[in-house]
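Trainee: The amino acid sequence is not available; the structure is as follows:
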């Protein structure tokens, strides 16, 4: 959709320009229709609004949060909700509301961007092996099958557990990889699933006439993959991506809880729950409850939205 | 059928090999020195050399891999690095038994419950009862295991006093002695599975109800409940076996978290312990054993499927 202004190979000149304007307008209309259909379903509308709410917190959290994530400004450290600290403070006297708000961006970066990277890699691989077929498809598909037999959490745990503390003086590249290890792990464990879904759709679409026409015209493989086949894969892809996003939130939260994701004092929701459990729960139950509610609410929102998207796609088929 | 079984067997072996390569690559190619990872940043050069020698890290990588895989096949799984140092195989064996009983109890609760709910939802498609079950299972699936687990500990166990708040039993506690400590973890893990199984059973029932033979049977004058029990359920529930087997993967991930929340001495808790203490040989062995168990569950499900449904087409 975004590459609509790259020139079409099969046409040029003013006619082509008018062509892409038509294409852009048609796609904008399709997106608008999609959004209308999403909001026409009450549960999907609620879900989408929940996701948008958290997305706003993720983007503008630092402007919204009343305190910094590690400000220990409360006079008596642990305290239940008051006017100044609506959700109370944790065992170090940090404001829970601020920490929950500021933790939103880490979940969106790790789970959201991680899913997007997985979708990008998975789409490219799925299109290629589905279209090319032959031994390439056979080998990569078997590898994907083998990978999907492994539980994602297990792979993520081992990968993150190994890289943690393994390098003493990281180079700038290593530092970048370490800082984004959760995002990269999410991308790595979900890319194969996306690839399988895209491959499945590609196998059906590549037999259609417009793809064969493009091949006979002598278009290049990347052109056929991304300009001819890709648009038809988008519906299945959107359904899968939204589903993956909800799993990714779960996975990021679980990794934080198990202590291999974000490190203290990061305001990560999963980490906040684990830091406030055990003996500390009796001291400040609210410090555990609110991040837990935030995780559940976001997952409910994404699940409702994802169900709504699936309904729209299934209906249009 | 033999062709099908051969294919499954090849998949079994290929997946195990792939897993071993993946785990080996993850631990050896990712940035960092294995000996350094195990011993931490304050290790002396002499200690590092000692660990490298024990693990054969001074040999070329392909040879290391072959030694490592060969060790599993001959039963020499190495020693844990966390003190007191023990043979990995014995430690894992004991913990695996504990996880197995927790998994078994979970399946005993989860399968009858979710199949019943799935059948009820499927038979009442679109009616209020179906909607209630769907909404309930959606909300349950939106709660992470550690949230439900902590809720059960803090509210149910501490609130009522009926269950112990921690499941930290001794590793070799007999089953019935450990049972009180197993209920809450099993319920938590059940919630992980329930939504997944309900959804698939419901879909199976709805699909089966649309088939022609249902109409034929009803038109022949067989009472509707009899048609459901004798024909629809029978056909719709066979795929459930596969569903339950494929959910072993979910169950395994769920149990890692559940065992950690409840401090239950199973394989999942041991994995987290291994990771926290950077005990790489232990972590590698746990992953290999877990994947092996998942694959065996899948093969067993295939066999059960064949046994129950003789007319299935196998490719």
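Mentor: That came through, no problem. Remember, predicted model here, so these are calculated numbers, not experimental data. Numbering: from 1, shown residues only, chains lettered A, B, ... in the order given.

Trainee: Run through chain B and note the low-pLDDT ranges.
Mentor: For chain B, applying pLDDT under 70 flags the ranges B:29-32, B:83, B:310-315.

Trainee: From the centroid of it, which residue is nearest?
Mentor: For chain B, the residue nearest the mean C-alpha position is residue B:252 (2.5 Å; Cα atoms, centre = their mean).

Trainee: check contacts around the closest residue to that residue other than its chain neighbours.
Mentor: Closest residue to residue B:252 apart from its sequence neighbours, by Cβ to Cβ, 6 or more residues apart in numbering or on different chains: residue A:151 at 5.2 Å. Where C-beta positions appear, they are placed from N, C-alpha and C, glycine not excepted. Residues in contact with residue A:151 (Cβ atoms under 8 Å, 6 or more residues apart in numbering or on different chains) are B:249-250, B:252-253, B:290, B:294.

Trainee: Would you convert those residues into a markdown table that also reports distance to residue B:282 and secondary structure?
Mentor: Output for the contacts of residue A:151, formatted as a markdown table (distance: Cβ to Cβ, whole Å; DSSP: H, G, I helix; E, B strand; the rest coil):
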| residue | distance to residue B:282 | secondary structure |
| --- | --- | --- |
| B:249 | 21 | helix |
| B:250 | 24 | helix |
| B:252 | 17 | helix |
| B:253 | 19 | helix |
| B:290 | 13 | helix |
| B:294 | 19 | helix |
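
Trainee: wait, which of those is closest to residue A:41?
Mentor: Minimum distance to residue A:41 across these is 27.5 Å, recorded for residue B:250 (Cβ to Cβ).

Trainee: Isn't the closest one up against residue B:190?
Mentor: No: using Cβ atoms under 8 Å as the test, residue B:250 is too far from residue B:190 to be in contact (11.5 Å).

Trainee: Between the two, tell me which one has more neighbours.
Mentor: Taking other Cβ atoms under 10 Å in any protein chain shown, residue B:250 and residue B:190 do not tie; residue B:190 has more neighbours (24 against 17).

Trainee: hmm, back to that, now compare the contacts of residue A:151 and name the two farthest from each other.
Mentor: Among those, B:250 and B:290 lie farthest apart (Cβ to Cβ), at 12.7 Å.

Trainee: got the phi/psi numbers for residue A:89?
Mentor: Note on residue A:89: backbone dihedrals following degrees, to the nearest 10 are phi -130, psi 160.

Trainee: isn't it right up against residue A:96?
Mentor: Yes: Residue A:89 lies in contact with residue A:96 (Cβ under 8 Å); the separation is 6.4 Å.

Trainee: Determine the residues that are contacts of both of the two.
Mentor: Here residue A:89 and residue A:96 share the contacting residues residue A:287, scored by Cβ under 8 Å, 6+ apart.

Trainee: returning to what we had before: and the residue nearest to the centre of chain B, how far is that from residue B:287?
Mentor: Distance, residue B:252 to residue B:287, by Cβ to Cβ, to the nearest Å: 10 Å.

Trainee: Quick check: residue A:285 touching residue B:151?
Mentor: No: counting by Cβ under 8 Å, no contact exists between residue A:285 and residue B:151, whose distance comes to 10.6 Å.

Trainee: residues in the stretch 1-150 of chain B within reach of chain A, list them.
Mentor: B:11, B:14-15, B:18-19, B:22-23, B:26-27, B:30-33, B:36-37, B:40-41, B:138-139, B:141-147, B:150 (Cβ under 8 Å from any Cβ of the partner chain).

Trainee: Would you mind checking those for buried ones?
Mentor: Buried members of these, scored by 16 or more other Cβ atoms under 10 Å in any protein chain shown, are B:11, B:15, B:18-19, B:22-23, B:26-27, B:30, B:32-33, B:36-37, B:138, B:141-147, B:150.

Trainee: secondary structure element for residue A:291?
Mentor: Per DSSP states H and E, residue A:291 falls inside helix A:285-316.

Trainee: and that helix, what does it pack onto?
Mentor: helix A:14-40, helix A:42-64, helix A:96-107, helix A:230-258, helix A:269-275, helix A:279-283, helix B:128-141, helix B:145-151 (3 or more Cβ pairs under 8 Å, 6 or more residues apart in numbering or on different chains; DSSP states H and E).

Trainee: How about residue B:265: what's its closest non-neighbour residue?
Mentor: residue B:171 (4.8 Å).

Trainee: One more: residue B:286?
Mentor: Among residues not flanking residue B:286 along the chain, residue B:271 sits closest, at 4.8 Å (Cβ to Cβ, 6+ apart).

Trainee: Over to residue B:208?
Mentor: residue B:236 (4.2 Å).

Trainee: Please verify my assumption that the one you found contacts residue B:123.
Mentor: No: in this structure residue B:236 lies outside contact range of residue B:123 using Cβ under 8 Å: 10.0 Å.

Trainee: Those two: who's more crowded?
Mentor: Comparing residue B:236 with residue B:123 by neighbour count (other Cβ under 10 Å), the higher total belongs to residue B:236, at 24 against 17.

Trainee: next one: the helix holding residue A:291 to chain centre, how far?
Mentor: 13 Å (Cα atoms, centre = their mean, to the nearest Å).

Trainee: What average pLDDT does it get?
Mentor: The pLDDT scores in helix A:285-316 average 89.

Trainee: what angle do that helix and helix B:128-141 make?
Mentor: With axes from the mean of the first three to the mean of the last three Cα atoms, to 10 degrees defining the directions, helix A:285-316 sits at 130 degrees from helix B:128-141.

Trainee: if we can go back for a sec, report the set of residues contacting both of residue B:236 and residue B:123.
Mentor: Residues touching both residue B:236 and residue B:123 (Cβ under 8 Å, 6+ apart) are residue B:205.

Trainee: hmm, back to that, what about the residue nearest to residue B:286, how many neighbours?
Mentor: Neighbour count of residue B:271, defined by other Cβ under 10 Å: 28.

Trainee: All set, thanks.
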